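Enquirer: Generate a structure from the sequence data that follows.
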Amino acid sequence: MDLAENRFGKTWKHFLEVLKVDYNCSLADVCRDQHTTFGGMSSWMSRRGYSVKQAKADVVRDYYGGVEPSRPTTSSPSFTQIAPVMLSEEEFSLSGITITFNSGTTISVKRQGRRRSQRKSAACFRSTRR
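Expert: Below you'll find the model as predicted:
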């Protein structure tokens, strides 16, 4: 097996692993990260009967319980208000943290103040995709 064949095989295996973590990743992005040309990769896949569509279907079946993960619908920030349960400041210990996922999605947990007569806060989550 020559070096190019080996590189395409490793890139394909890496793509399959990335799909398990980030279903919405693209083969082109993985090729770029692996320093492999997308055109060469496409030709290599064609010769072997591999397809991105089939790989994604296999990942959905094997790793996502048969339910295709949803694709983010917008790149602008979205807000979700957690309303029914009102927590005191002491009770809501996650207030003020930020979580960033490998996919670039960031979630910031903040307190949303109420009127001064109310000493409770509602949790407000802000999610952004970079």
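Enquirer: in the longest helix along the chain, what counts as buried?
Expert: Criterion DSSP state H: the longest helix present in the chain is helix 3-21. Buried residues in helix 3-21, defined by neighbour count with 16 or more other Cβ atoms under 10 Å: 7-8, 11-12, 15, 18-19. Using the backbone N, CA and C atoms, a C-beta is placed for each residue, glycine as well.
Enquirer: which other helices and strands contact the helix or strand just after that helix?
Expert: Downstream of helix 3-21, the next assigned helix or strand under DSSP states H and E is helix 27-33. Identification of packing neighbours for helix 27-33 by 3 or more Cβ pairs under 8 Å, 6 or more residues apart in numbering; DSSP states H and E yields helix 3-21, helix 38-48.
Enquirer: ok, residues contacting the shortest one?
Expert: It stands for helix 38-48. Contacts to helix 38-48, defined as Cβ atoms under 8 Å, 6 or more residues apart in numbering, come from residues 4-5, 8, 11-12, 27-28, 31-32, 51-52.
Enquirer: again, 6 Å this time
Expert: If you take Cβ atoms under 6 Å, 6 or more residues apart in numbering as the criterion, helix 38-48 is touched by 8, 28, 31.
Enquirer: any chance of those residues in TSV, with pLDDT and distance to Thr100 too?
Expert: Shown next, in TSV, are those (pLDDT from 0 to 100; distance: Cβ to Cβ, whole Å):
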residue	pLDDT	distance to Thr100
Phe8	95	32
Ala28	94	23
Cys31	95	24
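Enquirer: ok, the spatially closest residue to Arg32 that is not a sequence neighbour - how many residues close by?
Expert: With sequence-adjacent residues excluded and distances taken as Cβ to Cβ, 6 or more residues apart in numbering, Arg32 is closest to Phe38, at 7.7 Å. Neighbouring residues of Phe38 were enumerated by other Cβ atoms under 10 Å; the total is 15.
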